Structure formats: C-alpha cells, structure tokens
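J.: My questions concern the predicted model and sequence given below.
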Amino acid sequence: MTYTDLHLQVQGDIAIIRLTRGSKRNALSDSLILELRNTFENLPSTVRAAVLDGEGPHFCAGLDLAELKERDAGQGLQHSRMWHAALDLVQFGPVPVVAALHGAVVGGGLELASACHIRVADSTTFYALPEGSRGIFVGGGGSVRIPKLIGAA
C-alpha cells in the first residue's frame, strides 16, 4: 500500500513505520492520522512487532497547526474520535509497538508515543504538552494514557 505521510517497510516479521513529514517536524495532519489507522488495521499477518519513528531530527511535533480550525461541538467530537480510533489501534492492536523517540515529542506526538508499548529515547528527545496554553483540547487520549505512564504528581 502506498502512503503520502508515512512509509511502511516490513523486514521479516518486523514492521518499520516511519512518519515522513520531516519538513513539518512530522506534525500530525488528519491524513497522517488516517494513514496510521489504516496501517495498523492492515498490517500483514506475518508481522509480530512494529517500530514507529519519525523522519529527520524530530519524532513528532504534534498537531499540524496549519490544519487547526474552529469546530463546533459535534465536529470536535468526530475529530477527537478519529484520533482515538488511530491511537487505540496502536495501543490495543495485534502487535507490540516500539516508539523510537528523538527530538520533539510534543502534543499529539507525545500522545502517539504514549499509545506505544515501549518508548526508547535518544539524548535529543524533549517532551511537552502545550495544548493547554494554546487552548487546544488534548483529544487523542493522552490525558488518560500519559498519567498512567508517569504517575500523579
């Protein structure tokens, strides 16, 4: 299958899934979220594990702010459900997923990383959830997943 915003390569029984929007710090567009969902829905049955990484110096800088638009309550709910569907497939799908983190792991990128089963980070990695300061809802399930991973303060 051909994708625009990610690359899928199967090596033996390992799927390597790379976000390929490096020029945008692998920001998550609606089309990329749908491609992630499609990828995890249609992994070959021979795949036993997946590695998720990002092209270029950053894993994922979160929501593509160029796509940010005002939505009414119903539209916002549908958009959030789209993110949940994709990230739930990562977390609850048929194979364990290892996130190879580097550079920015911010906003939706942190939500995506938190849906993975194992996270491995290099020394360039930094994390942030800037949604609150921007008035954006943490809509991909990160507000539930992240506290379970790091604990309550």
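T.: That came through, no problem. Numbers count the residues shown, from 1 in each chain.
J.: Now find how far off-centre the longest helix anywhere in the chain is within its chain.
T.: As assigned by DSSP state H, the longest helix anywhere in the chain is helix 73-92. With Cα atoms, centre = their mean, to the nearest Å as the basis, helix 73-92 stands 12 Å off its chain's centre.
J.: Summarise which helices and strands it is packed against.
T.: Helices and strands in packing contact with helix 73-92 are listed as helix 30-41, helix 108-115; criterion 3 or more Cβ pairs under 8 Å, 6 or more residues apart in numbering; DSSP states H and E. All C-beta atoms are positioned from the backbone trio N, CA, C, and that covers glycine.
J.: Tell me who's in contact with residue 9.
T.: Taking Cβ atoms under 8 Å, 6 or more residues apart in numbering, we find residue 9 in contact with 15, 16, 18.
J.: any idea of the pLDDT on the first one?
T.: In this case it means residue 15. At residue 15, the model reports a pLDDT of 98.
J.: hang on, the earlier thing: just the helices and strands packed on helix 73-92: most buried one?
T.: helix 108-115 (a mean of 28; mean count of other Cβ atoms under 10 Å).
J.: Need the nearest residue in space to the most centrally placed residue in the chain, chain neighbours excluded.
T.: Nearest residue to the geometric centre of the chain (Cα atoms, centre = their mean): residue 112, 3.0 Å. Leaving aside its sequence neighbours, residue 112 sits nearest to residue 60 (Cβ to Cβ, 6 or more residues apart in numbering; 5.9 Å).
J.: Then residue 121?
T.: Going by Cβ to Cβ, 6+ apart, residue 121 has residue 101 as its nearest residue, at 4.0 Å.
J.: Over to residue 118?
T.: Spatial nearest neighbour of residue 118, excluding adjacent residues (Cβ to Cβ, 6+ apart): residue 98 at 4.5 Å.
J.: Please tell me how far the one you found sits from residue 85.
T.: Applying Cβ to Cβ, to the nearest Å, the value for residue 98 to residue 85 is 21 Å.
J.: circling back to that earlier point, what about the residue nearest to residue 118, which SS state?
T.: Going by DSSP: H, G, I helix; E, B strand; the rest coil, the secondary structure assigned to residue 98 is strand.
J.: Residue 31 versus that one, what's the distance?
T.: According to Cβ to Cβ, residue 98 and residue 31 sit 24 Å apart.
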